[in-house]
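Novice: Sequence plus predicted model, see below.
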Amino acid sequence: MSRPRKPFGNPPGRLPATMIKVLAAELSDQGRLARGKRYWADHAVIDIVVGHGSVTAEIQGSRAQPYIVTIEADPGRGVPSKREVWIRCTCPDDTGAGDQACKHAVAAMFALSDEVAVEPDLLDRWRGGGRSPRPASPADAVPSSMPDPAAAVRPSNVVPLHRNRPRHDAGDDRPIVDRPPQRDDQADEISAMLAAPAGAGAPEFPDCEVLEHKVADPMLREVLADVLHHLYIDLD
């Protein structure tokens with residue numbers, strides 16, 4: 001087992017650690033975020049292992065057997081975005097969608113934040129491996145009997161350019177002469193319909209109005225304030 005560590009003072013990985021907490025807030029709602037943070041503060045994360053491509057943690061919940069949380073990340077550098085992580089938990093609150101963190105996953109991510117704060121190189125280890133394939137969702141499944149969308153809008157009288165090349169046998173050194181492509185009257189009509197009218201120019205956009213938005217959740221507001229305090233942009 002690998003007991004989670006707690007950073008002290010000004011740890012070297014404080015900025016990426018704070019960004020991981022922001023990521024946990026993005027992946028959960030306010031209720032799960034608050035309960036997960038309470039689990040983390042009460043030392044309910046009893047084991048955490050940072051591997052190549054995935055983080056595995058054990059969280060002691062209400063039952064005798066601890067819950068297992070797996071947090072996978074796409075290969076890359078730095079803290080991953082919300083779309084680059086995939087979360088699974090053995091608790092009943094796990095939706096199976098992968099982009100929604102339960103309270104146990106939130107606690108695991110806060111423990112991971114502590115680990116990265118103490119040892120920043122663990123972030124490269126986490127992002128340095130390959131993630132297991134995501135299960136296909138019903139929306140991603142496309143029946144094989146569906147027609148090709150490109151074929152549905154392709155005019156029937158258009159001949160691809162490669163069909164205009166005369167065929168020749170291997171070893172035949174005769175030059176290949178391209179024939180002029182056939183004219184597509186239908187495409188010309190569409191182009192004429194979509195053409196901008198004479199004298200048209202770029203539209204004028206109104207001035208942007210600055211809107212002030214206050215984050216209601218005090219924990220999320222504290223995390224975001226910490227991120228902005230340590231934000232550094234290199235323009236070179």
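Specialist: Noted; the coordinates are in hand.
Novice: Burial check on the nearest residue to Met19 once chain neighbours are set aside, number of neighbours?
Specialist: Counting by Cβ to Cβ, 6 or more residues apart in numbering, Val79 is the residue found nearest to Met19 once chain neighbours are left out, at 4.2 Å. From N, CA and C alone the C-beta is placed, and that goes for glycine too. Neighbour count for Val79, taken as other Cβ atoms under 10 Å: 22.
Novice: can you list the weak-confidence ranges in this structure?
Specialist: 1, 130-187, 193-194, 196, 199-200, 202-203, 205, 208-213, 227-236 (pLDDT under 70).
Novice: any idea which helix is longest in it?
Specialist: For the chain, the longest helix by residue count, based on DSSP state H, is helix 103-118.
Novice: Which SSE is immediately downstream of it?
Specialist: Moving toward the C-terminus from helix 103-118, the next helix or strand (DSSP states H and E) is helix 121-127.
Novice: For that following helix, name the packing helices and strands.
Specialist: Applying 3 or more Cβ pairs under 8 Å, 6 or more residues apart in numbering; DSSP states H and E, one finds that helix 121-127 contacts strand 45-50, helix 103-118.
Novice: If you count neighbours, what's buried in the shortest one?
Specialist: Going by neighbour count (16 or more other Cβ atoms under 10 Å), the buried part of strand 45-50 is Val45, Asp47, Ile48, Val50.
Novice: Save the residues you listed as TSV, and put in distance to Lys6 too.
Specialist: Shown next, in TSV, are the buried residues of strand 45-50 (distance: Cβ to Cβ, whole Å):
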residue	distance to Lys6
Val45	11
Asp47	15
Ile48	12
Val50	16
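Novice: which of the helices and strands packed on helix 121-127 is buried the deepest?
Specialist: Ranked by mean neighbour count, the helices and strands packed on helix 121-127 are led by helix 103-118 with a mean of 26 (mean count of other Cβ atoms under 10 Å).
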